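Student: predicted model and sequence below, questions to follow.
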Amino acid sequence: MGRFARALLLILLIVFLSCSSAPEEQDEISNVRNRAAENTEFGNTYFNQAKYDQALSFFNLALTDNISVDNEEGIVQSYNSIGKVHLATGSIEAAENNFRQALGLAEKVKSPALISQSANNMGEVFLFRLELQKALELFKQAIKEGDPENPTSDYAIVLHNLGSVYKKLGDLEKSLKLFNQALAINLKLRSFEEVASNYYMLASLYSKKGDYTRALSEANEALKYDKQVENSLGIAKDLQALGIISLKNGQNEKAYDYFIKSYMVFQTLSLSRQTNKALQYVIDTALLLGRNDEAQRYRKLLEDRQ
């Protein structure tokens, strides 16, 4: 074989090897990104079931994979997912830290959808802390990134959260308008879990206005949709809301039944703080009804939990 032929063969071999390794490397990156997406889906499933430890484990696995392949959009989503678990479990500082990471990176990659999602999540931290002006600023930042002509479920969530802020600020009419806007979007998109959340807040708003008949109607709608999507945590909250509204409406027997059902669902979910609160509602209502023996029995259950 001549020198030219050997040189040509060497060049072809180098080209072949470099070309064959590139698809393998690309395949591996795709596999990692797909695995991260799958872990995120598993995490979302557990989160929706209020199984927060399992959800957090899967979201952390997704974050590790996304970081390993420098998937910046995936990293933002993972930080947001982890933050939501911490927010749901009352670890507010941890939630804020993750949401700040998400928002900073979302602004770096200049993704309107991710900026909106991250700003909204940060706003929820300040809403939880009742730092309403800070929450309002973040929700307004989130809404600017959306498209009101083609609203998404995320856009509706921001409208819902804005409604929650204005409700706490005492502007009930503005709050009502925002909840109804969010509800209309979610009904159109068939985002039924969010529909339930909208009805839940409408029930709270009408209760605050003293319209208990309308409040009970809205709370029952929330319960209907939460049952439809098998959202156990939402069901527990709806039952508790129905109990509170029934008490305000003088329907103490119905309230007692709702509180017992709510307690049972919270207990099934192993949510300690919420279960204890539900038990206290049961005890107080039993005493109100003159059922002292039942009140004592539930008080013993509460004491044993503490």
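Tutor: Right, received. Where do you want to start?
Student: quick one, strands of the chain?
Tutor: Counting by DSSP state E, the chain has no strands at all.
Student: relative to residue 193, how far out is the residue nearest in space to the middle of it?
Tutor: If you average the C-alpha coordinates of the chain and look for the closest C-alpha using Cα atoms, centre = their mean, you land on residue 84, 6.0 Å from that point. Relative to residue 193, residue 84 is positioned 14 Å away (criterion: Cβ to Cβ, to the nearest Å). For the C-beta atoms, the positions are set from N, CA and C on the backbone; glycine is no exception.
Student: now residue 181
Tutor: Using Cβ to Cβ, residue 181 is found at 18 Å from residue 193.
Student: could I get the pLDDT score of residue 195?
Tutor: You'll see residue 195 listed with a pLDDT of 98.
Student: what's around the closest residue to residue 159 other than its chain neighbours, how many residues?
Tutor: Of all residues beyond its chain neighbours, the one nearest residue 159 is residue 182 (4.1 Å), with distances taken as Cβ to Cβ, 6 or more residues apart in numbering. A count of nearby residues for residue 182, using other Cβ atoms under 10 Å, gives 28.
Student: OK, contacts around residue 182?
Tutor: With contacts defined as Cβ atoms under 8 Å, 6 or more residues apart in numbering, residue 182 is in contact with 156, 157, 159, 160, 163, 194, 198.
Student: format these as a markdown table; extra columns: distance to residue 38.
Tutor: Converted to a markdown table, those look like this (distance: Cβ to Cβ, whole Å):
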| residue | distance to residue 38 |
| --- | --- |
| 156 | 26 |
| 157 | 24 |
| 159 | 31 |
| 160 | 29 |
| 163 | 34 |
| 194 | 24 |
| 198 | 30 |
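Student: how about a markdown table for the residues you listed, with neighbour count and distance to residue 244 added?
Tutor: Listed next are the contacts of residue 182 as a markdown table, based on neighbours: other Cβ atoms under 10 Å; distance: Cβ to Cβ, whole Å:
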| residue | neighbour count | distance to residue 244 |
| --- | --- | --- |
| 156 | 26 | 25 |
| 157 | 25 | 24 |
| 159 | 26 | 25 |
| 160 | 23 | 20 |
| 163 | 27 | 19 |
| 194 | 22 | 22 |
| 198 | 29 | 18 |
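Student: any idea how far residue 169 is from residue 256?
Tutor: Look at residue 169 and residue 256: by Cβ to Cβ, they are 33 Å apart.
Student: neighbour count winner among these two?
Tutor: Neighbour count, other Cβ under 10 Å: between residue 169 and residue 256, residue 256 has more, with 22 against 13.
Student: ok, the more buried one touching residue 284?
Tutor: No: taking Cβ atoms under 8 Å as the contact criterion, residue 256 and residue 284 are not neighbours in contact, 9.8 Å apart.
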